[in-house]
Each structure stands twice: as structure tokens, then as C-alpha cells.
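Student: What shape does this take:
(2 chains)
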Amino acid sequence: GAGVSQTPSNKVTEKGKYVELRCDPISGHTALYWYRQSLGQGPEFLIYFQGTGAADDSGLPNDRFFAVRPEGSVSTLKIQRTERGDSAVYLCASSLQADNTGELFFGEGSRLTVL
Amino acid sequence: AQSVTQLGSHVSVSEGALVLLRCNYSSSVPPYLFWYVQYPNQGLQLLLKYTSAATLVKGINGFEAEFKKSETSFHLTKPSAHMSDAAEYFCAVSVNTGGFKTIFGAGTRLFVKA
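Tutor: Predicted structure coming up:
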């Protein structure tokens, strides 16, 4: 696609439920990133992938959060047993490895609200 | 590990006035530095980037930033603010450790008064 696509754009769920957020990166971009942005804050790093593997998952807050990228393209961020504190905008970005500067191209985000 | 500090969560300027948004970084290796802008109800987009070439970097919409290693700063400026510049601005630092991990500052919201 022309840009990074994230679905759903909005998700409202109840505490304790399971949620999946999807990211479709720019075609050809080998690196994919997940960030979380709370109100009034900057994007907080969660995890990034180089191809299919998670190169750095040090930002995942706890074991309720998990992300996959099985074919090196689309990625899914999975949140188990959601808590009200998980409410935020989840941003996905992709990057062209050959660019060699780390410039990120962002989607518009998935806004998660946990009631 | 790298980090970014943006001084001032809110900055207000009059239309036509100088815009100065401050950013200081910390990095143990030579960094790449970025400014991203987020307009209301839109995703983040790149404004400009420093990648170890020229220390004065020009970006879109008349913005520029100067990398000062001695001050570990990368402040964003624009000579004359326009109403359309009202947005949230994020400074970010990235280092190449076999891949890139980009860390963002908390952001500065720019208000432009008529």
C-alpha cells in the first residue's frame, strides 16, 4: 500500500478481554515498530522487528503484551487480559532498512479504550 | 541507552514570530536525530533528520534544526510562525546497533496566536 495501515482505528473493550491490533507496513519495508502513545506523552517504544524476528522487545510492559510478524510483512500486537491502564493510541511504523538512518513512517494509530 | 528531553511541553508564539523548540539528547554512540510533527487527528510525519552530514538541517515548511554535539542539542527553529504550524512536535534519537531503536521525547505543543 501507499502508507502504513492500522486496523482497527478505534477499539473499545472491557477490562479482562483480549485484543488484537493489526499493522500493514509499507511494501518493501523490512523493519516494523510498535509504539504506545498516552495522552500528552510522546510515543513509547514497545517492540521492533527486522523481518520476521523481534530484534528488540524491551519495551513491552509485561507478559500480557505480545507481537508477531510471521511472514515479515503484516504484524499483530496482542494484548491479553486488558486493563484500564492499557488505554492509549498504539502506533505502528515501518522503515526501509537500506535507508540506514532509521527514518520511520507512521500509521494513524489504533485507539484502544478499556472500560 | 539513548534518551531525549524536550524543554517546555507547551510553547505559544504570535503569528510571524520566531519559533524555537528545544531538544537535548543523550547517546553513547553517534546518534541520528529527528523531528516529527503530529497535526491534529493525523499520524506522525517526519519534519527533518540529522544523519551526520551537515550540522544545519533544513526540513519541510521552513523548519530547520542545528546539531550541536558540544551541547548535545538539536533545537528546532522557524523564522516566522504560521497559523498552520500549530501542532505537536516530537524530537527523537536513533542509534544503529544492527538495527534502529528510536526513542521519542515527550513532545512540545506549539500554539500560534493570530
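
Student: Please count neighbours and contacts with C-alpha atoms only from this point.
Tutor: OK.

Student: Identify the residue nearest the geometric centre of chain A.
Tutor: The structure's chain A has its C-alpha centroid closest to A:W34; by CA atoms, centre = their mean the separation is 3.2 Å.

Student: So for that one, what's the pLDDT?
Tutor: A:W34 carries a pLDDT value of 97.

Student: What of A:A88?
Tutor: The model's pLDDT for A:A88 equals 97.

Student: quick one: it and A:Q41 touch, right?
Tutor: No. The criterion here is CA atoms under 8 Å, and A:A88 misses it with A:Q41 at 10.1 Å.

Student: Now tell me which helix or strand of chain B has the poorest mean pLDDT.
Tutor: strand B:100-104 (a mean of 87; mean pLDDT, DSSP states H and E).

Student: distance of A:D24 from A:S38?
Tutor: Between A:D24 and A:S38 the computed distance is 22 Å (CA to CA, to the nearest Å).

Student: give me the beta-bridge partners of the residue nearest the centre of chain B?
Tutor: Geometric centre of chain B, nearest residue: B:W35, 3.3 Å, by CA atoms, centre = their mean. Beta-bridge partners recorded for B:W35 (DSSP bridges): B:L48, B:C91.

Student: Quick check: it touching B:T102?
Tutor: No. With contacts counted by CA under 8 Å, B:W35 stays clear of B:T102, the gap being 11.6 Å.

Student: shared neighbours, these two?
Tutor: B:A92 (CA atoms under 8 Å, 6 or more residues apart in numbering or on different chains).

Student: how about residue 102, what does it touch?
Tutor: If you meant another chain, say so; for now it's chain A. Counted by CA under 8 Å, 6+ apart, A:G102 has contacts A:S95, A:L96, B:Y32, B:S94, B:V95, B:N96, B:F100, B:K101, B:T102.

Student: ah, I was thinking of chain B
Tutor: Per CA under 8 Å, 6+ apart, neighbours of B:T102: A:F45, A:G102, B:A92, B:V93, B:S94, B:V95.

Student: Among those, which one has the most neighbours?
Tutor: Sorting those by how many neighbours each has (other CA atoms under 10 Å in any protein chain shown) puts B:A92 first, at 29 neighbours.

Student: Near the closest residue to that residue other than its chain neighbours, how many residues? Count them for me, please.
Tutor: Distances taken as CA to CA, 6 or more residues apart in numbering or on different chains place B:F104 nearest to B:A92, at 4.3 Å, with adjacent residues excluded. Look at B:F104: counted by other CA under 10 Å, it has 26 neighbours.

Student: repeat for the one 5 residues further on
Tutor: Look at B:R109: counted by other CA under 10 Å, it has 21 neighbours.
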